[in-house]
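Student: I need the structure of the sequence given here:
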Amino acid sequence: SFSATQDLERDMDEVKVSFQNKTLALQRIQLMVALRNKMKQNDNDSRLITDTMKHIVMLSQAVIVYQQKAREKEQKLIDLKRKRLSLKKAGRQKLLQIHTMMKKQKEEQESMKVSETLKKIRAKLQEERQMTAVIQSVFQSIIVGSKINWAEDPSLKKTVLQLEKNVY
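Tutor: Got it, this is the predicted structure:
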């Protein structure tokens with residue numbers, strides 16, 4: 001059926017390829033025998049063949065040398081690309097470190113600003129307390145200097161006792 005036909009076609013293709021390979025091998029052998037026989041004649045044609053073969057060998061060796069050089073250059077290129085990639089990664093890490101340091105510095109500066117602001121507020125509070133203490137002292141002196149019996153007047157008594165309280 002269909003698969004059997006496909007199998008036969010595949011087998012036939014394999015036989016054709018095998019036949020072509022064997023034909024090429026036979027032709028190479030025949031060519032080598034003809035060349036050997038021609039070389040034994042030692043005439044101008046055989047010397048030309050010998051010179052051509054030497055030239056082919058020399059060119060083949062040059063090709064091998066250049067291929068080796070090309071492989072070495074490719075390896076250097078690969079190494080350079082790896083180094084570039086590692087430098088790129090290191091650069092990214094340094095940028096990240098710089099960004100982190102700048103962020104930390106900014107936070108420290110903001111913290112210092114807050115600290116300075118708190119110092120100013122505390123100084124202002126201290127100043128206000130001192131001013132309040134002076135005012136309390138002045139009111140007490142006015143009440144005592146007026147020779148009024150502040151203990152008998154409830155609102156005045158409350159005010160004097162309130163002035164007695166420590167501002168701090």
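Student: just give me the neighbour total for K94.
Tutor: 10 (other CB atoms under 10 Å). Bear in mind the C-beta positions are built from the backbone N, C-alpha and C, glycine included.
Student: how much space separates it from L59?
Tutor: 51 Å (CB to CB, to the nearest Å).
Student: could you do L85 as well?
Tutor: 38 Å.
Student: for the biggest helix by length in the chain, the distance to its chain's centre please.
Tutor: In the chain, taking DSSP state H as the definition, the longest helix is helix 44-145. Relative to its parent chain, helix 44-145 has a centroid offset of 10 Å by CA atoms, centre = their mean, to the nearest Å.
Student: and if you look at stretch 150-157?
Tutor: Counting by CA atoms, centre = their mean, stretch 150-157 comes out at 80 Å from the chain centroid.
Student: and the contacts of it?
Tutor: Outside stretch 150-157, the residues that touch it by CB atoms under 8 Å, 6 or more residues apart in numbering are I143, I148, T159, V160.
Student: highest neighbour count among the residues you listed?
Tutor: For those, the largest number of neighbours (other CB under 10 Å) sits with V160, at 17 neighbours.
Student: any idea how far A25 is from that one?
Tutor: 130 Å.
Student: what do you get for S137?
Tutor: 125 Å.
Student: right, I'll call it a day here.
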